[in-house]
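> This is the structure alone, sequence omitted:
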């Protein structure tokens, strides 16, 4: 298929590569053009506005936050005006539930379709086409675009017709991960100060009980203090927790664990850890237990 | 081997059965004698004090809390006076790190050995001999008693010579589970109030990402509101969170997530949920989001 | 002096009355014109846009939230375009620190002056001219407008030339009050469940120790459950806590107490208490202790 | 009156002095005898056991924690055995509600009377006879002992016949102070990082609104970082918050604010602040905002 593709960051670039590899034709746009040029060698057309890729009726966006998406959709040379009637905007970014709803409404008002399709997985998973895609939106549009979603990951879940539901679910999922991180961070600090090897907790409790690769991978990062390069920067983790708290406000459903994590991430940011991996929450728990690091 | 076995509650009874089945000879004691009589048919000797089972040099205790253990060890007809020199006390209960240390010291002062061997798993896992045993204490004593530990579960982890470490690790493990419960409870309430089916979170995020049977099993309990009969009563969950908070005090390592969960469990208790499964934390999160249940 | 006056809600109306009484000439604007007409009898000119009152070079705004202020300043018929060079906008609303900064910059860019002058006090205090005014902004502008600030309350504090500082301080002040409310709510629930009369806490600890009219007044509201009519609606309290949390984000200074209160207020909102006084936080604490109310 | 007086620490010593000054005859006991000798010059009899002062039928205890009280009451040479029938034990220490109940029961079982009479105030207030006394217990006993309570402070509140109520109320009062400290600590960190002088918050919000000497005094300590010598050591503050959390457990009334403060105090302890004044909570909030101190 032919598709526009906007946003070539840590996640977008490998995703675009996988789509090219799968035989799709991409018109790519990135704010800093350099990263787009890279893809030209692999056959992508390089565009100078988000609008340029909309002509064929489908455009995919992989952007870092609400502001970036708003600017690419409503801004000058934006998607909303460029997309033809019946065209589809597939938003793979993790954005707020509120913006997701506004996008669904804006596209619908123009006879366009909006698919929310946030993904689970870090850059390595994106490169390996091992992401989990959670799609929601008009069923016919999703089926039409399935060939663009399948090459990105190992599984595409379709949630239903209400697009913002996919973003809410994605944010809830990230909340589960964030909570696991903070919990491990606290437990490790307790064990260290009790003279028990924290690696044993991971080996025994995850190995014997949880049996989860997510615990295993993040637990290892913490134990080995491998916070650079960041698979997922703490700054972005804070953004996502902020978004799930906004969803909590919108729904009037308190998330006290998320509030607590928010403050720990904010403390990490204040301590200069914004560009480290968000598993560096371990350092905040350690410091609050009086450990040097 | 011959061993005393004290405590035939939801966990102790199936554990004792598995030991009898494995060919060991048990002298059992239970405060309410009826449950001990049940085991007589399977060949167990029924004793009328904890001390009675200590003659052969090994005694195992599976009791519900610190007070019960203290009473069986230091009380009249207790283990401490009855156990011969070089005898072994294997404590399978989840008790406080502080009591674990006092037990290690008291037994050691009499030339006896103390093995902390708390277990992970609910009654069904105990019955199926699928528990995880975490043992710590004098290495020779552990090796000598290994035949009594192996039949209880699928894996025996040996942590090292410092007995209280096993209880600290067990408490940290329960803290991980408790945190997962509260996190799922909050996330489910958010999704319900956002008109997203919470079952999808479990299917997608656990199915695709965490891949953990613990999330799956507890998540199902919550989604189906199967809180009775309790696999692990909320009242006992509260006890364990209290114990991990005491360990946190002793170590001067704050556990803000555990503090938060403590208050939610206490709220559940105040609302009359003490005898429900501790996954009924879901109801507290639901109520705080204004949902009827 | 002649001044425009925008916003005649629970706070704005009595403030406008006091200014008229002090001999100032007001051109008033309110979104629902009815409330403006009321003031016509007292000599106010009624305008149909915020811009209309800007001609004389000073305009005061008393609006409920960021959105209302943004619309009156940047919207059609807005203040920014209407205010002459060297004109002054006095913003008495409690708004976000971020918006306060944007307003300071926007006015400054046009050669206008922006005074942040949020007030402490409830409607009764506004009517009695007993408010506390916290002003920040260009010193000359503040001095010029002092006759408009003095009649509003019992004290005008001048904080310095950086306007947003006044809003940050106001938000921090409201945070102090919110924290006191939640703390009293929890303490009262504890005492009630311990069969100790909660009124005694107020009598003894405030009477003998804190000696604060704020504790006394809010404590009484809680003890007598006088939540209607709301002196300050819980919905607005939630807004203010949200704003202080935004200030906390901007400054990278975590406020865990504010996060906790936010979630309790959100729970109150979910339980239908949005229009009650924010001292009805007492009901959330009571419910979480298993009390009927 | 003649009375035994046990415990001559920072609080007990000035209280004993005031009783001597008021004309009472004291038989004093202190674990480290030196402090008792000091009072001999002022006319006190020095005893070598708590029991020694019980002969005249009244004994007052001012001890630092539950363990010290338990030892002086039930230990060798203890009060319980020494006090005559109809004798009175006045407990001025801040102890757990549970111990208070056990004391009431133990004394009552021997035909003795137990008065719980915890005090509010720091050592300077004790010296100046400016304490607040909160008494509960058998009304006749309280009236009989009133001459011993009046000289200690500026006000004696009588709460009712149920002694533990006084300790619950005292703990709730300390919780109010602790919450104020943590709230100020967080607010000051926010202001500092927002480049607003935190002293202004105290001046304006307390000066204009709360008008409380407690806010003023503790706020000053924080602003000036006068944490040594400690008026009330953080270590003791942590003890009191632990006790109010135990009362919360007993009553099944969650205190999430107290749980949060507990973890902040524990962090302060881990950072080596145990002997500083508990207003040094300011340092924890500052550190978590990335400030050096």
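Right, received. Where do you want to start? For clarity, every value in this text was computed on a predicted model and none was experimentally measured.
> mind checking the longest strand of chain A?
If you go by DSSP state E, chain A has its longest strand at strand A:153-160.
> Give me the angle between the helix or strand that it is followed by and strand A:153-160.
Using DSSP states H and E, the helix or strand that follows strand A:153-160 towards the C-terminus is helix A:163-193. Regarding helix A:163-193 and strand A:153-160, their directions subtend 130 degrees when assessed with axes from the mean of the first three to the mean of the last three C-alpha atoms, to 10 degrees.
> so where's the stretch 1-150 of chain A uncertain?
Counting by pLDDT under 70, the stretch 1-150 of chain A contains no low-confidence range.
> can you pull out the strands in chain A?
Counting by DSSP E, residue ranges of the strands within chain A are A:2-6, A:25-29, A:45-46, A:58-61, A:88-91, A:113-116, A:119-120, A:131-136, A:153-160.
> could I get the ones you listed as CSV with mean neighbour count and distance to residue D:92?
Using the backbone N, CA and C atoms, a C-beta is placed for each residue, glycine as well. As requested, the strands of chain A are arranged in CSV below (neighbours: other C-beta atoms under 10 Å in any protein chain shown; distance: least, C-beta to C-beta, whole Å):
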stretch, mean neighbour count, distance to residue D:92
strand A:2-6, 26, 72
strand A:25-29, 23, 75
strand A:45-46, 18, 81
strand A:58-61, 26, 69
strand A:88-91, 27, 66
strand A:113-116, 27, 64
strand A:119-120, 23, 60
strand A:131-136, 26, 62
strand A:153-160, 18, 64
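> Count the residues that sit near the residue in the stretch 51-200 of chain A positioned nearest to chain D.
Relative to chain D, the nearest point of the stretch 51-200 of chain A is residue A:193 (7.8 Å; C-beta to the nearest C-beta). Counted with other C-beta atoms under 10 Å in any protein chain shown, the neighbours of residue A:193 add up to 20.
> That one reaches residue A:289, doesn't it?
Yes. Residue A:193 is in contact with residue A:289 according to C-beta atoms under 8 Å; the separation is 5.5 Å.
> which residues are common contacts for the two?
By the contact definition C-beta atoms under 8 Å, 6 or more residues apart in numbering or on different chains, residue A:193 and residue A:289 are jointly contacted by B:251-253, D:270.
> got the buried residues for stretch A:204-223?
The neighbour-count check on stretch A:204-223 (16 or more other C-beta atoms under 10 Å in any protein chain shown) flags A:204-212, A:214-215, A:218-219, A:221-223 as buried.
> what's the answer for stretch A:186-206, then?
A:186-194, A:196-198, A:200-202, A:204-206.
> Please see if that stretch touches chain C.
No. Shown here: stretch A:186-206 not in contact with chain C (C-beta under 8 Å from any C-beta of the partner chain), separated by at least 14.2 Å.
> ok, back up a step: which members of the shared contacts of residue A:193 and residue A:289 are positioned in helices?
B:251, D:270 (DSSP state H).
> that older thread, format the strands of chain A as JSON lines; extra columns: distance to residue B:233.
As requested, those are arranged in JSON lines below (distance: least, C-beta to C-beta, whole Å):
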{"stretch": "strand A:2-6", "distance to residue B:233": "53"}
{"stretch": "strand A:25-29", "distance to residue B:233": "57"}
{"stretch": "strand A:45-46", "distance to residue B:233": "63"}
{"stretch": "strand A:58-61", "distance to residue B:233": "49"}
{"stretch": "strand A:88-91", "distance to residue B:233": "45"}
{"stretch": "strand A:113-116", "distance to residue B:233": "41"}
{"stretch": "strand A:119-120", "distance to residue B:233": "34"}
{"stretch": "strand A:131-136", "distance to residue B:233": "35"}
{"stretch": "strand A:153-160", "distance to residue B:233": "35"}
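> Among those, which comes closest to residue D:105?
Residue D:105 sits nearest to strand A:119-120 of all those, at 58.3 Å, using C-beta to C-beta.
> Adjacent strands (with direction) for the closest one?
Under the criterion DSSP bridges, strand A:119-120 sits next to strand A:131-136 (antiparallel) in its sheet.
> What are the contacting residues of the partner strand?
Contact with strand A:131-136 is made by A:15, A:92, A:115-121, A:125, A:142, A:149, A:152-166, A:169-170, A:173, B:204, B:208-209, as judged by C-beta under 8 Å, 6+ apart.
> and residue A:293, how many residues sit next to it?
Residue A:293 has 7 neighbouring residues, counting by other C-beta under 10 Å.
> An error on my part: the question was meant for residue A:229.
By other C-beta under 10 Å, the residues close to residue A:229 number 11.
> Check residue A:37 too.
14.
> Which pLDDT value belongs to residue A:286?
According to the per-residue confidence, residue A:286 scores 98 in pLDDT.
> which non-adjacent residue is nearest residue A:202?
residue A:219 (4.2 Å; C-beta to C-beta, 6 or more residues apart in numbering or on different chains).
> Then residue A:254?
In space, and not counting its chain neighbours, residue A:254 is closest to residue C:263: 3.9 Å by C-beta to C-beta, 6+ apart.
> Quick check: the one you found touching residue A:256?
Yes. Applying C-beta under 8 Å, one finds residue C:263 in contact with residue A:256, separated by 4.9 Å.
> which parts of the stretch 151-293 of chain A sit against chain D?
Counting by C-beta under 8 Å from any C-beta, the residues of the stretch 151-293 of chain A near chain D are A:193, A:256, A:263, A:267, A:269-272, A:284, A:287-290.
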